[in-house]
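Enquirer: Build me a model from this:
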Amino acid sequence: MITRYEAFRFTLLALSSLLVLSCDSDSSTSPTLKSAGDTESGIFVITSDFATGSTAFLAPSSETADIDLLNVHSDAVARTFDDKVYVTNRLGADNILVLDRADLGTAFFQFSVGNGSNPQDIEIISDTKAYITALARAEVLIFNPQDGTELGTIDLSAFADGDGLPELTQMVQFGSRIYVLAQRLQRLENFVPVGTSYLVIIDTDTDTIVDTDDSNDGVQAVELAAPNPNAIVVIGSRLVVSEVSSFGDRVGGIEVFDLTAGGDVTSLGLVVDEQALDGDINGIAMADANSGFALIADENFANYVVPFDLATGVVGERLPGLSTGFIQSMAVDGNRLIVGDRGTFDAPEAHGLMIFDVDTKEFIVGPISTGLPPASIVVLD
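Expert: Model (predicted):
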């Protein structure tokens, strides 16, 4: 996912040593190993100071995380499917690291997706088939997640902008279709959006692009209501997409799509816009088909989280207790919202997991240290 933070990431790299100093490596522990066939439930976290990466695990009902379980790339995200966790190591590593949930401290195996490809997301649809998006590829890659064998590609170059790439990022599955976000950013101009971004629909039975408008020549994708999408969630029979556009313009928001049983989409438009959110949207987490939480940055790059209701368009008060520092990830775990607060440069010790009640929006506990600051959160259930 590319947001405005990519434009000043080198500044963050230069200052990342402040965050490293705040990590207590002596407190590292490993989760108790389980017997074969058992899996771990809880919260799995990719951690990073933008120079090095690691992982952490928070067991159910615990307020202390096991930290420094396994070294990963400094720019990585995680997904889970069945009894495995898949870590997408992005630019500079360009591989998928597979972990067994019964032993999160040991790499199960690893496979490359091509040097310089900069993978962004992985969607596993079966034991033997997974889709991978990459910023430096104009195709969706198809791999066997059991052994890393490449099975093919799906060409999305028709949706590229002037730099020849469509900037493919997050995706989700609904039924026999995959919904892929094509950001379409100008890579030579600090990743600014070029105009229109797309939602590309792929039929997983045929590995072909679904034409959303047969009245026009060629294969069409869905034009998003605002450019530069950065998160997509499927919940029930809805797709919810956050679209940031450009920093400070306040023309983005949260777009909602109704899905049919066959996987066709109907846009309801920007149900909640950035004017109501009072900032730039950089992510979402959904509690149900209407209730969710938005990650917002203000004009000073201060980060905060607000609840929203898609049925009414109402945006609630900011959640209390967050540091205003950079937040990369959050996730809903039952009746809890888990927010990965990275702390601030003035108070790096404030980083950790912050936990809130989904219904009351009240702060429960935190920050729970994850060693390095939290970067990607996955609920293992």
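
Enquirer: tell me the contacts of Y86?
Expert: A78, R79, T80, I96, L97, V98, L99, I122, I124, A130, P145 (Cβ atoms under 8 Å, 6 or more residues apart in numbering). C-beta here means a position set from N, CA and C on the backbone, and glycine is covered the same way.

Enquirer: Try it again at 10 Å.
Expert: Y86 sits next to 77-80, 96-99, 108, 121-124, 130, 132, 145, 378 when contact means Cβ atoms under 10 Å, 6 or more residues apart in numbering.

Enquirer: repeat for F159
Expert: 138, 165-168, 180, 182, 184, 196-198, 200, 209, 219-221 are the contacts of F159 under Cβ under 10 Å, 6+ apart.

Enquirer: Repeat the analysis, applying 7 Å as the threshold.
Expert: P166, A182, Y198, V200, A221 (Cβ atoms under 7 Å, 6 or more residues apart in numbering).

Enquirer: among those, which are in strands?
Expert: A182, Y198, V200 (DSSP state E).

Enquirer: pLDDT weak spots in the protein?
Expert: The chain contains residues with pLDDT under 70 at 1-40, 188-189.

Enquirer: what number of residues lie near the closest residue to P227 other than its chain neighbours?
Expert: Spatial nearest neighbour of P227, excluding adjacent residues (Cβ to Cβ, 6 or more residues apart in numbering): P193 at 3.7 Å. Counted by other Cβ atoms under 10 Å, the residues lying close to P193 total 23.

Enquirer: Mind telling me what element the spatially most central residue of the chain is part of?
Expert: Relative to the mean C-alpha position of the chain, the nearest C-alpha, by Cα atoms, centre = their mean, is the one of A231, at 6.2 Å. Per DSSP states H and E, A231 falls inside strand 229-235.

Enquirer: Would you check the distance separating that strand from the middle of the chain?
Expert: 8 Å (Cα atoms, centre = their mean, to the nearest Å).

Enquirer: Not counting its own residues, what contacts the next helix or strand after that strand?
Expert: The C-terminal neighbour of strand 229-235 among helices and strands, as given by DSSP H and E, is strand 238-243. With Cβ under 7 Å, 6+ apart as the test, strand 238-243 has contacts from 179, 224-233, 252-259, 265, 281, 283-284, 286, 289, 292, 294.

Enquirer: 6 Å - rerun?
Expert: 224, 226, 229-233, 252, 254-257, 281, 284, 286, 289 (Cβ atoms under 6 Å, 6 or more residues apart in numbering).

Enquirer: do stretch 107-120 as well
Expert: Here stretch 107-120 makes contact (Cβ under 6 Å, 6+ apart) with 88, 90-91, 94-100, 132-137, 141, 148, 169.

Enquirer: among the residues you listed, which are in strands?
Expert: T88, N95, I96, L97, V98, L99, D100, I132, T133, A134, L141, T169.

Enquirer: re the thing from before, counting contacts, what elements does the strand holding A231 pack onto?
Expert: Judged by 3 or more Cβ pairs under 6 Å, 6 or more residues apart in numbering; DSSP states H and E, the packing partners of strand 229-235 are strand 168-174, strand 238-243, strand 280-286.

Enquirer: hey, what's I178 bridged with?
Expert: Beta-bridge pairing of I178 under DSSP bridges involves Q173, I202.

Enquirer: what's the burial count for it?
Expert: If you count neighbours by other Cβ under 10 Å, I178 ends up with 23.

Enquirer: what residues are up against it?
Expert: Neighbours of I178 in contact, by Cβ under 6 Å, 6+ apart: Y131, M171, I202, T204.

Enquirer: And what about the nearest residue to G218 once chain neighbours are set aside, helix, strand or coil?
Expert: Of all residues not flanking G218 in the chain, A158 sits nearest, at 6.7 Å (Cβ to Cβ, 6+ apart). Recorded secondary structure, A158: helix (DSSP: H, G, I helix; E, B strand; the rest coil).

Enquirer: any idea how far the nearest residue to T266 once chain neighbours are set aside lies from G53?
Expert: Nearest residue to T266, sequence neighbours excluded (Cβ to Cβ, 6+ apart): D258, at 4.7 Å. Relative to G53, D258 is positioned 38 Å away (Cβ to Cβ, to the nearest Å).

Enquirer: swap in L168?
Expert: Distance from L168 to G53, by Cβ to Cβ: 22 Å.

Enquirer: need the contact list for the residue lying farthest from the centre of the chain.
Expert: The C-alpha centroid of the chain is most remote from S215, which lies 34.0 Å away (Cα atoms, centre = their mean). For S215, the contact set (Cβ under 6 Å, 6+ apart) is empty.

Enquirer: What about it? Give its phi and psi, please.
Expert: phi -80, psi -10 (degrees, to the nearest 10).

Enquirer: which ones are touching the nearest residue to S117 once chain neighbours are set aside?
Expert: Closest residue to S117 apart from its sequence neighbours, by Cβ to Cβ, 6+ apart: A134 at 4.1 Å. Contacts for A134 (Cβ under 6 Å, 6+ apart) come out as S117, N118, P119.

Enquirer: try 8 Å
Expert: V113, G114, S117, N118, P119, Q120, L141, L168.

Enquirer: I'd like the distance between the second one and G42.
Expert: It refers to G114. From G114 to G42 the distance is 33 Å (Cβ to Cβ).

Enquirer: Fine by me, we can end here.
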